[in-house]
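1. Below is the structure, and that's it, no one-letter string:
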Ligand SMILES: O=C(O)C(=O)C[C@]1(C(=O)O)C=C[C@@H](O)C=C1
């Protein structure tokens, strides 16, 4: 046990004095760290120039957060401690250059929640109406990075996101995993017993299907463009005392001032959505990375078998395989493959070389740190 733990006082006034003293030390240290970040920005600008400068470094952030978790001794939990540092880095990065992040909107979506989880709260967030708009916003330079959903553990892949990679030169710079908790929400002035219609995004309705069948078998389910939009409709209807409900998450509930009739109503308690961060940069290795590839296979017998064999031969762990129509000709397919490792790793380079010999196109969509939080 360290000295500081042994000398913790045991009366309220003394404990508060102690907390005040610690807070002023923490504050001074955070500002010292922030001054270092300002200096980092100067050095980057000097070395890379205004046109090419890259302030956000996902691999460095992942390393910092992993180290925080490794050295943490409690009583605060590892994730709790990492979240604090997540926000400190977010504030430091905003001092270097405020980051504009486009995400699948409107305000209050799980994608916004994922963007805040990944970048911290010190970002300028721009809600977009559709996934391809997020890509365009980043391509045009109007946003530095974009956040889009890519797969849900209950409902499978988000095809719009996968298909968007065919027409873009953007890279995957990161991934975020978010546990999705759905709640049944109404306006504060509405009696839940009067509810006749339940609004949500079709994926959210599907993720709560068994619960709805059991508890709200007679309510009509209405699919809308997002669950945040459902929450907005419910708050608007509440003004004219119309009894409708929404299924949405915490930030939509808060944003639209709704109340929870039932919390955590998703059918599967491990319901998780994975999001991707897209940008223009090639991310350096962080020591624990993943790579995503887009492969157009030649239309010949055993094509997929030969592609997969390359992973086995090089001992590279494939974590995901998705097939999508190529949109070039009928019954032609492209494969999206994720694997463990960075494209600069020797074994991963061998896999990519072997794939290139077999496939008509192999594109590295990006190597990026495995989600830390
Ligand atoms: O190390 C850097 O390159 C920094 O800019 C500093 C810092 C940090 O606060 O630790 C801030 C932003 C980057 O995304 C990574 C780390």
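-> Nice, thanks for sending it over. In this text, all values refer to a predicted model and were calculated from it rather than measured experimentally. Numbers count the residues shown, from 1 in each chain.

2. Residue 372 and residue 335: what is the separation?
-> 28 Å (Cβ to Cβ, to the nearest Å). The C-beta positions use only the backbone N, C-alpha and C, and glycine is treated the same way.

3. ok, for the closest residue to the ligand within the stretch 1-150 of the chain, nearest residue in space, not its chain neighbours?
-> Residue of the stretch 1-150 of the chain nearest the ligand, by Cβ to the nearest ligand atom: residue 92 (3.5 Å). Using Cβ to Cβ, 6 or more residues apart in numbering and skipping the chain neighbours, the partner closest in space to residue 92 is residue 37 (3.6 Å).

4. So what's the predicted local confidence for the one you found?
-> At residue 37, the model reports a pLDDT of 98.

5. from here on, count from 12
-> Happy to do that; since the first residue is 12 now, the last one works out to residue 48.

6. Next up, the contacts around it.
-> 103, 104, 106, 107 (Cβ atoms under 8 Å, 6 or more residues apart in numbering).

7. what about it, which helix or strand?
-> helix 23-63 (DSSP states H and E).

8. Next, see if the following helix or strand past that helix gets close to the ligand.
-> Proceeding N to C from helix 23-63, the next assigned helix or strand is helix 69-82, under DSSP H and E. Yes - if you take Cβ under 6 Å from any ligand atom as the test, helix 69-82 does meet the ligand, through 71, 72, 75.

9. Now do helix 69-82 and helix 23-63, the angle between them.
-> Counting by axes from the mean of the first three to the mean of the last three Cα atoms, to 10 degrees, helix 69-82 lies at 160 degrees to helix 23-63.

10. Counting neighbours, which of the contacts of residue 48 comes out on top?
-> The residue in the contacts of residue 48 with the most neighbours, by other Cβ atoms under 10 Å, is residue 104 (22 neighbours).

11. distance of it from residue 202?
-> For residue 104, the distance to residue 202 (Cβ to Cβ) stands at 46 Å.

12. rewinding a little: would you turn the residues of helix 69-82 next to the ligand into JSON lines with pLDDT and neighbour count?
-> Formatted as JSON lines, these follow (pLDDT from 0 to 100; neighbours: other Cβ atoms under 10 Å):
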{"residue": "71", "pLDDT": "98", "neighbour count": "15"}
{"residue": "72", "pLDDT": "98", "neighbour count": "22"}
{"residue": "75", "pLDDT": "98", "neighbour count": "16"}
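
13. From those residues, pick the one nearest residue 235.
-> Comparing the residues of helix 69-82 next to the ligand against residue 235 with Cβ to Cβ places residue 72 closest, at 34.9 Å.

14. Averaged pLDDT, stretch 139-154. What do you get?
-> Averaging pLDDT along stretch 139-154 yields 96.

15. gap between that stretch and the chain center?
-> 16 Å (Cα atoms, centre = their mean, to the nearest Å).

16. Outside of it itself, list whatever touches it.
-> 111-117, 137, 155-159, 169, 171-172, 175, 179-181, 236, 289-291.

17. Out of those, which end up buried?
-> 111-117, 137, 155-159, 169, 171-172, 175, 181, 289-290 (16 or more other Cβ atoms under 10 Å).

18. element containing residue 257, please.
-> Assigned by DSSP H and E, residue 257 falls within strand 255-259.

19. contact partners of the helix or strand that that strand is followed by?
-> Downstream of strand 255-259, the next assigned helix or strand under DSSP H and E is helix 261-266. Here helix 261-266 makes contact (Cβ under 8 Å, 6+ apart) with 118-120, 123-124, 192, 194, 196, 238-239, 241-243, 257, 269-271.

20. Among the residues you listed, name the ones in strands.
-> When DSSP state E is applied, the contacts of helix 261-266 are split such that 194, 196, 257, 270, 271 fall in strands.

21. What is the burial count for the third one?
-> With neighbours defined by other Cβ under 10 Å, the count for residue 257 comes to 32.

22. Repeat that for the first one.
-> A count of nearby residues for residue 194, using other Cβ under 10 Å, gives 24.

23. Surely residue 160 is in contact with residue 123?
-> No - with contact defined as Cβ atoms under 8 Å, residue 160 does not count as touching residue 123 (11.1 Å).

24. Who does residue 208 form a beta bridge with?
-> Here residue 208 sits in beta bridges with residue 231, residue 255, as judged by DSSP bridges.

25. mind listing what it touches?
-> 230, 231, 232, 233, 255, 256.

26. Among the residues you listed, which one sits closest to residue 247?
-> residue 255 (9.6 Å).

27. Give me the pLDDT for the closest one.
-> At residue 255, pLDDT is 96.

28. Distance check, it against residue 228.
-> From residue 255 across to residue 228, the span is 17 Å (Cβ to Cβ).

29. Compare these two (neighbour count), which wins?
-> Neighbours were counted for residue 255 and for residue 228 using other Cβ under 10 Å; residue 255 has more, 23 against 7.

30. ok, the more buried one to the ligand distance?
-> Distance of residue 255 to the ligand, computed by Cβ to the nearest ligand atom, to the nearest Å: 43 Å.

31. Was I right to think that residue contacts residue 206?
-> Yes - with contact defined as Cβ under 8 Å, residue 255 counts as touching residue 206 (6.4 Å).

32. Pull up the overlap in contacts between the two.
-> Here residue 255 and residue 206 have residue 197 as joint contacts, going by Cβ under 8 Å, 6+ apart.

33. Can you name the residues that contact residue 335?
-> 170, 173, 174, 344, 345, 346, 347.

34. Quick check: phi and psi at it.
-> phi -130, psi 150 (degrees, to the nearest 10).

35. which residues does it form a beta bridge with?
-> residue 345.

36. any idea how far residue 291 is from it?
-> Counting by Cβ to Cβ - residue 335 and residue 291 are separated by 24 Å.

37. Now for the closest residue to residue 337 other than its chain neighbours, how many residues are close by?
-> Distances taken as Cβ to Cβ, 6+ apart place residue 343 nearest to residue 337, at 4.0 Å, with adjacent residues excluded. Using other Cβ under 10 Å, residue 343 has 14 neighbouring residues.
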